[in-house]
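**Q** Mind looking at a prediction? Sequence and model below.
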Amino acid sequence: MSQATENKSDAKNEDTPVSDTSALPVAGVDFPLPSAQVNKDPYAYPLDQIDPADSELFEANQMWGWFERLRKEDPVHFTQESFFGPYWSITRYDDIVTVEKDPVTYSSAGSITVDEIDPEFPVSPGFIAMDGERHDKHRKTIQPVVAPRNLKLMEPLIRERVTLILDSLPIGETFDWVDKVSIELTTAMLATMFDFPFEERRKLTFWSDMATASSAQVGEEGKTEEERRQHLFECLETFQGLLNDRKGKGHGIDFVSLLADGKDTQDLEPLEYLGTLILLIVGGNDTTRNSISGGVLALNENPAEYDKLRADPGIIPNMVSEMIRWQTPLAHMRRTATRDAELAGKQIKAGDKIVMWYVSGNRDDSVIPRADEFLIDRKNVRTHLSFGWGPHFCVGSRIAEMQLRVLWEEIMKRYSKIEVVGDPVRVRSNFVKGFHQLPVKLHAL
């Protein structure tokens with residue numbers, strides 16, 4: 001049975017209006033709304049009209065069948081008309097790796113998402129949207145925070161915080177796992193990595209959500225786009241103060257101090273500094289936060305795997321990598337072609353937008369056996385694309401894995417089961433594949 005068939009029971013009502021406002025259009029360009037694909041059969045839909053960037057597919061968890069069809073029939077797929085303009089979708093594992101391994105042809109400069117940078121608020125996405133030597137220098141500047149030696153020093157602190165969080169949770173009562181655990185743990189660690197005032201740590205989560213929020217999500221929160229920008233300027237002002245306080249003082253191994261004194265980063269323009277901050281905040285927040293929640297949901301949906309875990313908690317490190325593959329917390333990354341090229345028989349033109357769908361590559365069974373199954377004892381489990389590939393491989397991958405490992409080691413000391421007791425509420429985003437809410441109930445050992 002295909003994942004698309006399995007998801008039909010979870011689909012919204014057929015009459016649900018579909019409109020995607022997941023990003024602001026580029027100024028002066030009138031993009032049509034994407035096709036109404038939610039609740040439709042992906043194999044009965046016109047192939048040339050498929051638009052994988054329809055954010056409502058992700059909110060409804062109905063994107064799987066569309067990617068399955070594209071991998072089989074049109075793995076390098078061109079969408080002519082979409083809310084984001086024309087773009088190529090790369091859906092197979094090997095083709096994604098081909099793009100990742102050729103940064104000369106497929107550049108990261110500019111936007112890293114299918115959307116474009118808002119010309120009225122031109123915040124650079126940081127060094128992830130740089131190429132070559134400049135990227136390498138900026139990345140190297142902040143790398144000591146997540147270097148193996150520093151992570152070893154941080155592990156006892158992570159375990160202490162995990163213990164405090166878990167011991168504060170109610171047994172046998174329903175609560176939101178996203179808020180009480182996923183956000184709380186990742187925000188606490190972000191505060192440590194920035195040496196940010198711990199009592200104000202939830203600001204980091206808020207700024208992360210504002211940075212990645214679509215215009216629709218901003219509206220749902222009762223805020224305008226202008227208010228969203230003001231919140232991000234507040235983020236910049238706060239961190240500018242921290243930067244000024246630490247510059248030249250050898251403060252320590254934290255992101256702000258390293259950026260303040262790094263020879264390649266100490267004179268960043270304000271919006272470039274903000275972009276770097278957002279990159280580090282979102283990277284440290286969304287990946288771990290949504291893998292924590294997605295892992296709990298996956299174990300509930302696959303009870304035989306939960307039984308394996310209970311029988312052998314030593315499998316946790318392997319399980320963590322499978323959770324990250326399964327969730328794929330960042331669904332895509334984008335490149336821009338610098339020159340004409342051929343990819344899997346398709347002719348790419350200079351300037352074309354290339355979207356690498358990690359969420360699809362991680363379900364490519366030509367590379368990952370039984371890719372549509374969640375298997376915590378999977379062999380070669382780290383052969384996934386959730387952290388990217390090549391020069392832009394996620395700089396914080398090890399700390400993400402460590403947080404998840406320590407969390408599950410402590411969970412297994414306390415609970416026989418984390419039971420999901422209601423439907424998850426997913427984010428409407430084709431970029432951050434995550435959760436707003438996940439209601440659970442804990443069962444003690």
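**A** Structure received. Residues are numbered from 1 along each chain as shown.
**Q** give me the low-pLDDT residue ranges for this protein?
**A** Counting by pLDDT under 70, the chain has low-confidence residues at 1-35, 118-122, 124, 213-223.
**Q** quick one, strands of it?
**A** 76-79, 87-90, 106-107, 175-176, 332-337, 341-343, 346-348, 353-357, 415-420, 425-426, 435-437, 439-444 (DSSP state E).
**Q** Could you export the ones you listed as TSV, including mean neighbour count and distance to Gly250?
**A** Heads up, the C-betas are built off the backbone N, CA and C, glycines and all. Below are the strands of the chain laid out as TSV (neighbours: other Cβ atoms under 10 Å; distance: least, Cβ to Cβ, whole Å):
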stretch	mean neighbour count	distance to Gly250
strand 76-79	21	50
strand 87-90	24	44
strand 106-107	21	36
strand 175-176	17	41
strand 332-337	22	35
strand 341-343	16	46
strand 346-348	16	47
strand 353-357	25	39
strand 415-420	17	43
strand 425-426	16	44
strand 435-437	18	40
strand 439-444	16	44
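**Q** Pretty sure Arg71 sits against Val367.
**A** No: Arg71 is beyond contact range of Val367, at 10.6 Å (criterion: Cβ atoms under 8 Å).
**Q** out of these two, which sits in the more crowded spot?
**A** The neighbour comparison of Arg71 against Val367 (other Cβ atoms under 10 Å) goes to Arg71, with 21 against 18.
**Q** follow-up on the earlier one: let me have the strands of the chain in CSV, extended by distance to Thr186.
**A** CSV is the format used below for these (distance: least, Cβ to Cβ, whole Å):
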stretch, distance to Thr186
strand 76-79, 33
strand 87-90, 29
strand 106-107, 30
strand 175-176, 15
strand 332-337, 20
strand 341-343, 35
strand 346-348, 37
strand 353-357, 24
strand 415-420, 17
strand 425-426, 18
strand 435-437, 13
strand 439-444, 17
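**Q** Out of those, which gets nearest to Arg398?
**A** Proximity to Arg398 (Cβ to Cβ) singles out strand 332-337 among the strands of the chain, at 19.5 Å.
**Q** circling back: and the strands of the chain: which comes nearest Pro313?
**A** strand 415-420 (11.8 Å).
**Q** And the contacts of the closest one?
**A** Residues external to strand 415-420 that are found in contact with it (Cβ atoms under 8 Å, 6 or more residues apart in numbering): 177, 296-297, 299-300, 306, 310, 411, 438-445.
**Q** Arg134 is nearest to which of the strands of the chain?
**A** Arg134 lies closest to strand 106-107 among those, at 12.1 Å (Cβ to Cβ).
**Q** Name the strands paired with the closest one and say parallel or antiparallel.
**A** In the sheet, strand 106-107 lines up against strand 332-337 (antiparallel) (DSSP bridges).
**Q** What are the contacting residues of the strand it pairs with?
**A** 53, 87, 99, 103, 105-114, 348-359, 388, 392, 430-431.
**Q** Distance from the chain centre to that strand, please.
**A** 15 Å (Cα atoms, centre = their mean, to the nearest Å).
**Q** Let's see that strand as CSV, backbone CA atoms only.
**A** Extracted in CSV, the C-alpha atoms of strand 332-337 (Å, rounded to 0.1, in the frame of the first residue of the first chain):
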residue,chain,number,x,y,z
HIS,A,332,13.8,21.1,1.2
MET,A,333,16.7,23.3,0.3
ARG,A,334,17.0,25.3,-2.9
ARG,A,335,19.8,26.1,-5.2
THR,A,336,20.1,28.4,-8.3
ALA,A,337,21.7,27.2,-11.5
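**Q** by how many degrees do it and strand 353-357 diverge?
**A** Strand 332-337 and strand 353-357 are oriented at 150 degrees to each other (axes from the mean of the first three to the mean of the last three Cα atoms, to 10 degrees).
**Q** on that earlier part again, return a selection command, for use in ChimeraX, containing the buried ones of the contacts of strand 332-337.
**A** Burial among those is assessed by 16 or more other Cβ atoms under 10 Å; the matching ChimeraX selection reads:
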select :53,87,99,103,105,106,107,108,109,111,112,113,114,348,352,353,354,355,356,357,358,359,388,392,430,431
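**Q** Let's see which of the contacts of strand 332-337 end up in helices.
**A** The helices, defined by DSSP state H, take in 99, 358-359 from these.
**Q** just curious, which of the residues you listed is nearest to His138?
**A** Val99 (21.6 Å).
**Q** pretty sure that closest one contacts Lys346?
**A** No: here Val99 lies out of contact with Lys346, judged by Cβ under 8 Å, at a distance of 12.0 Å.
**Q** can you pull the contacts of Asn430?
**A** By Cβ under 8 Å, 6+ apart, the neighbours of Asn430 are 22, 52-55, 57-58, 114, 331-332.
**Q** let's go with 7 Å and repeat that
**A** When contacts are counted by Cβ atoms under 7 Å, 6 or more residues apart in numbering, Asn430 touches 22, 53, 55, 58, 114, 331-332.
**Q** any idea how far Asp51 is from it?
**A** As judged by Cβ to Cβ, to the nearest Å, Asn430 and Asp51 stand 10 Å apart.
**Q** for Thr91, same thing?
**A** Distance, Thr91 to Asp51, using Cβ to Cβ: 13 Å.
**Q** Which of these two has more residues huddled nearby?
**A** Applying other Cβ under 10 Å to Thr91 and Asp51 shows that Thr91 carries more neighbours, namely 27 against 24.
**Q** Pro75 is in contact with that one, correct?
**A** Yes: look at Thr91 against Pro75 with Cβ atoms under 7 Å: they come within range, at 5.1 Å.
**Q** Any figure for the gap between Val420 and Pro86?
**A** In terms of Cβ to Cβ, Val420 sits 39 Å off from Pro86.
**Q** Same check on Asp48?
**A** 12 Å.
**Q** before we move on, what about Arg405?
**A** Taking Cβ to Cβ, one finds Arg405 at 42 Å from Pro86.
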